[in-house]
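*Asks:* this one's sequence-less:
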Ligand code: URA
């Protein structure tokens, strides 16, 4: 399911509005305990499927991990609309030209949609994936600036109502770092009685 459908014709970022094939809203289970936040939909992934973290290399690596952790009901990590037991979204909802990193202004323009989603889903565990997401999540949930993602990858940060577990971006992460993250998240999920 997708939660946010209010921004169907958003033009806050002219470059992104001109480049995108579609606006990629958050996707997954509305009552998810775990919510992953990426940077922006990829041009070979979400911009094609309309679903965050699908089809491209980052998406397939992430979906494979979700299957292993029981956060996806599927067995094929290449599905365009997987049946998920978690929620996937991005800081920025449109694919940037040439797949570039979104600017800080573009991120700020899009953040109200993310905060609305966080309130609706109300997950116990938030996973900022990469620096762009960490820079949004750390001040908002942990009241501190984000350290570089390489320093905090797979660490668990507690706050009032849950945890933040940052992850390096799946396009840039080694298999060993991905396995380490999966191990930490799996342990946290097993220890959380509500999940
Ligand atoms: N796909 C997404 O939806 N977000 C990313 O950050 C990367 C790939």
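*Replies:* Structure received. All values derive from a computational prediction rather than experimental measurement. Residues are numbered from 1 along each chain as shown.

*Asks:* what's the span of stretch 21-41 from first residue to last?
*Replies:* With CA to CA, to the nearest Å as the measure, the first residue of stretch 21-41 is 10 Å from its last.

*Asks:* Name the residues of that stretch that are buried.
*Replies:* 22-29, 32-41 (16 or more other CB atoms under 10 Å). Using the backbone N, CA and C atoms, a C-beta is placed for each residue, glycine as well.

*Asks:* Show me the residues you listed that map onto strands.
*Replies:* Where the buried residues of stretch 21-41 overlap with strands, as defined by DSSP state E, the overlap consists of 27, 28, 34, 35, 36, 37, 38.

*Asks:* among these, which are in reach of the ligand?
*Replies:* Contacts with the ligand are made by residue 38 out of those, judged by CB under 6 Å from any ligand atom.

*Asks:* how much space between residue 90 and residue 23?
*Replies:* 10 Å (CB to CB, to the nearest Å).

*Asks:* who's the closest residue to the ligand within the chain bridged to?
*Replies:* When distances are taken as CB to the nearest ligand atom, the chain reaches nearest to the ligand at residue 38, 2.8 Å away. When bridges are assigned using DSSP bridges, the partners listed for residue 38 are residue 90.

*Asks:* Dump the ones in strands among the buried residues of stretch 21-41 into TSV; add pLDDT as well.
*Replies:* Compiled in TSV, these are given as follows (pLDDT from 0 to 100):
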residue	pLDDT
27	95
28	96
34	98
35	98
36	98
37	98
38	98
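
*Asks:* residues in the chain within reach of the ligand, list them.
*Replies:* Counting by CB under 6 Å from any ligand atom, the chain sits next to the ligand at 38-42, 45-46, 52-53, 56, 58-59, 90, 129.

*Asks:* Mind putting those residues into TSV with distance to residue 154?
*Replies:* Conversion of the residues of the chain next to the ligand to TSV gives the following (distance: CB to CB, whole Å):
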residue	distance to residue 154
38	17
39	18
40	23
41	24
42	23
45	23
46	24
52	21
53	18
56	23
58	17
59	20
90	21
129	12
